[in-house]
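S.K.: sequence plus predicted model, see below.
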Amino acid sequence: MTPRFHPLTLLAAAAAVLAITTAASSWPVSLMVAAGAVALAAATGSARRVLLAGGAILAPFWLSLLVIHGLFYPEGRTVLLGFGPARVTAEGIGFALDMGLRTSAFVLVTMLFSFSVRVPELVAALNSRRLPPQFGYVLASTLMLAPIIAARLQKVRQAQESRGLVVEKGLRSRLNAIRLQMVPLVLGLVHDAGTRAQALDARGFRRPGPRSSYREVSDSMGQRGFRFCALLLAAAAVVLRIMASYPGGQS
Amino acid sequence: MNGDGAARITLRAAIGSFIFHGESTPALSCVEIEAAPGRLTAVLGGSGSGKSTLGRLLAAWLAGGRDGVLRGTLHLDAGGDPEDGSLVFSGTDDDPRIDPAAWADHVGYVPQDALAMLSGVRGTVEEELAFGLENRGAERAEMVRIVAETARRTGLTGLLERDPATLSGGELRRLAVGCAIIDDPGVLILDEPLASLDAAGARTVMELISDLLDRGVAVVVLSQQVDQLTRLASHWLVLKDGGVMAAGRPGQLLGGDLLAGSGVVVGGAQGPRPVPATSAPTAAAPALELDGVSFGFESSGPRSSRLLQNVDFSVVPGEVVAVTGPNGAGKSTLLRLFNGLLRPLDGEVRVGGVGIAGVPTGIVAERLGLLFQHPHDQLFERTAQREVLFGLDRLFGVDAPMKAAAALASVGLDGAEDVHPHELPGSGQRLLALATVLAREPAVLALDEPTVALDAHGFERLTAAVSAAAGRGAAVVIVTHDLAFAQAHAHRTMELKDGVLVGC
């Protein structure tokens, strides 16, 4: 069981790590952050979900990076392999690896955050800081979109399996199942969103004026201090990066 | 809930007509209704009669201009000038616009689909209850008090920490009622409030309504059943095809033949109980067997905490067995174990004498048809015909269209082939879901709450379908809270309680 962190502490930690990783722009740092995110996910028991969700996003991204930059990198000079107009260059591979690792770190940290934070607590914490409730709701809906889609998809799949759909292990069978499930999934989500909007209106979601929060989110001096330091570090990393990019600085 | 009683408010509506955008015929015409403080009014009608449309208009969940063309007046009277609060709609762009939140301060509404009431972004029942209070900026201490009081009145006290997504159908309905009354509206409109509720849940809601009436709340119940609740109403409005078929006191309307042909189910009447149309089948090899089946959603928990414990069950061809039990007892879970959507932690499920362990649900579905509790979970296609046709080609090849047409006709939906399933009224959706099961002609039919949302015509179709299936030798298992239906149509009734299935 993980210690109960304030949602803004988790948000500040994730944001700081992402800012520092981007500012560092170095593949060893990216690799370390990605590995760290996976290790932390394993320690908190969410490794499977983080890896599955991250994999679904990153696999096609890595593939496109390797195809585009690995084969067609214009600045590539060191040719490792040549296929007519396509050339595998060391520079292209290096660029693809750098971009891929940086994005991997970004995605894995974001996934770890979204699976670790308790969304209603995050919304409550944001509301208590006088942010517009719509902002909190959109953020909550976004973070909860994956579970909502998964739940709706499971319903569609169960309905179809109960009427004879058999999903086998082969790629063809899986693709066929996806084809059968996508339209019902989207239509179902649109239908749900339509009915939910009426309930939200009736329950005063669009009401102007101050809001309150039922859920009390525990905070501490230590966590406030951590958030301050994390954001300070992130800002310092960004400033250093900008300074290094100026003419005369080292990039 | 905030004080000793709700403000005494009268809601009057005179709907000249309401036509949905894109439709040519009015969904409602010439309907007048008054909800007065401390009075229970029942709007009765069969499927598609316009009840839910009326309820949603009264609650401002449907709005003239945005959703259709409304002609008529809505009037909220809080005891002031009778002309105050009158909204006149003439079907033009100049019509008044209702602020749904401000309207909901006075008029609470619980839709037929309880799930549609929830915000979807709250992790526990108590947070979901508090959502409306948060939006009005209530003090936290006050919210805690109101949430606790609402939970007590709706029987949700033991469920406050639960994720709303894990509630059973009956628990969800009580949560939706709680969300509607938490703001203390002067008028409360409830669409089929007793649907899916067990006896205790129905009693809780009945007591709650009685308490609200005592506090001076005007309550309107929309129902297609004459049941224990609607019998308590002081005034009935019977709708058919969007118009008023009859209006008056219950005794007056129940006496004659006025309800005949309205599609309203007259239940709870005293009289001889009907008996199953077919006699109990003689001993044969079971069509479905559960042998020592245990199940819990957390496999690591202690055995005593499991939802189902060591359940033995069998049903033979031609037999109809009803399974009853309180909300949340695991009845729907039991049916999902039948076809492998859920797998037992211990024990074995056999369909036609063959164990289904490791057999994909899609293969089990060749012999076992499952009707889900919520049609919304079962229906996913774009038209009624496509819905019934799904998966039939694997069973019947070129005969699939013929089988689909026959199944649609058997539930009275021939002619609705091209209608989108979500556009059908509640009863129609339930019947379409039933048609998808019947079309497959399974050896075992497992029906989860098949009577919910059915009007009188739907009941006839359902009972005919169950009799016909049993007559051709199918085994039928029906999960239901409708004890009268169970006693009338089942050869045996069993109760699932505290994880154990026992004969009644």
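M.R.: Nice, I can see it.

S.K.: for chain A, which residues score under the pLDDT cut-off?
M.R.: Along chain A, the model assigns pLDDT under 70 to residues A:1-3, A:76, A:145-146, A:247-251.

S.K.: from residue B:246, how far out is residue B:33?
M.R.: Remark: distance between residue B:33 and residue B:246 (Cβ to Cβ, to the nearest Å) = 13 Å. For glycine as for every other residue, the C-beta is placed from the backbone atoms N, C-alpha and C.

S.K.: higher neighbour count, the two?
M.R.: residue B:33 (20 against 17; other Cβ atoms under 10 Å in any protein chain shown).

S.K.: so who does the closest residue to that one other than its chain neighbours touch?
M.R.: Nearest in space to residue B:33, with sequence neighbours left out and distances taken as Cβ to Cβ, 6 or more residues apart in numbering or on different chains, is residue B:13 at 5.2 Å. By Cβ atoms under 8 Å, 6 or more residues apart in numbering or on different chains, the residues touching residue B:13 are B:31, B:32, B:33, B:34, B:54, B:57, B:58, B:72, B:73, B:74, B:75.

S.K.: A strand includes residue B:13, no?
M.R.: Yes. Assessed by DSSP: H, G, I helix; E, B strand; the rest coil, residue B:13 belongs to a strand.

S.K.: give me the pLDDT value at it.
M.R.: We have a pLDDT of 95 for residue B:13.

S.K.: which strand residues sit across from it in the sheet?
M.R.: residue B:33, residue B:74 (DSSP bridges).

S.K.: any idea how far it is from residue B:102?
M.R.: To residue B:102, residue B:13 is 17 Å away according to Cβ to Cβ.

S.K.: please apply the same query to residue B:400.
M.R.: Using Cβ to Cβ, residue B:400 is found at 52 Å from residue B:102.

S.K.: neighbour count: these two, which is higher?
M.R.: More crowded of residue B:400 and residue B:102, by other Cβ under 10 Å: residue B:400, with 18 against 12.

S.K.: residues making contact with the helix or strand harbouring the more buried one?
M.R.: Per DSSP states H and E: residue B:400 is located in helix B:400-410. Here helix B:400-410 makes contact (Cβ under 8 Å, 6+ apart) with B:384-385, B:388-389, B:392-393, B:395-396, B:414, B:416-417, B:432, B:435-436, B:438-439, B:441, B:461, B:464-465, B:468.

S.K.: how about the next helix or strand after it against chain A, any contact?
M.R.: Sequence-wise, the next helix or strand downstream of helix B:400-410 (DSSP H and E) is helix B:426-438. Yes. Helix B:426-438 reaches chain A (Cβ under 8 Å from any Cβ of the partner chain) through residue B:436.

S.K.: flag every buried residue along the helix or strand following helix B:426-438.
M.R.: Next in sequence after helix B:426-438, counting helices and strands by DSSP H and E, comes strand B:444-448. Buried residues in strand B:444-448, counted by 16 or more other Cβ atoms under 10 Å in any protein chain shown: B:444, B:445, B:446, B:447, B:448.

S.K.: give the contact list for the nearest residue to the fourth one once chain neighbours are set aside.
M.R.: Leaving aside its chain neighbours, residue B:447 sits nearest to residue B:371 (4.4 Å; criterion: Cβ to Cβ, 6+ apart). Applying Cβ under 8 Å, 6+ apart to residue B:371 gives the contacts B:378, B:433, B:434, B:437, B:445, B:446, B:447, B:448, B:450.

S.K.: including distance to residue A:162 and pLDDT, could those residues go into a markdown table?
M.R.: Listed next are the contacts of residue B:371 as a markdown table, based on distance: Cβ to Cβ, whole Å; pLDDT from 0 to 100:
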| residue | distance to residue A:162 | pLDDT |
| --- | --- | --- |
| B:378 | 8 | 85 |
| B:433 | 11 | 95 |
| B:434 | 13 | 96 |
| B:437 | 9 | 95 |
| B:445 | 12 | 96 |
| B:446 | 9 | 96 |
| B:447 | 12 | 96 |
| B:448 | 11 | 94 |
| B:450 | 15 | 93 |
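
S.K.: may I see the buried residues of whichever helix or strand residue B:465 is part of?
M.R.: Using DSSP H and E, residue B:465 maps to helix B:456-471. In terms of neighbour count (16+ other Cβ under 10 Å), helix B:456-471 has its buried residues at B:456, B:457, B:458, B:459, B:461, B:462, B:463, B:465, B:466, B:467, B:469, B:470.
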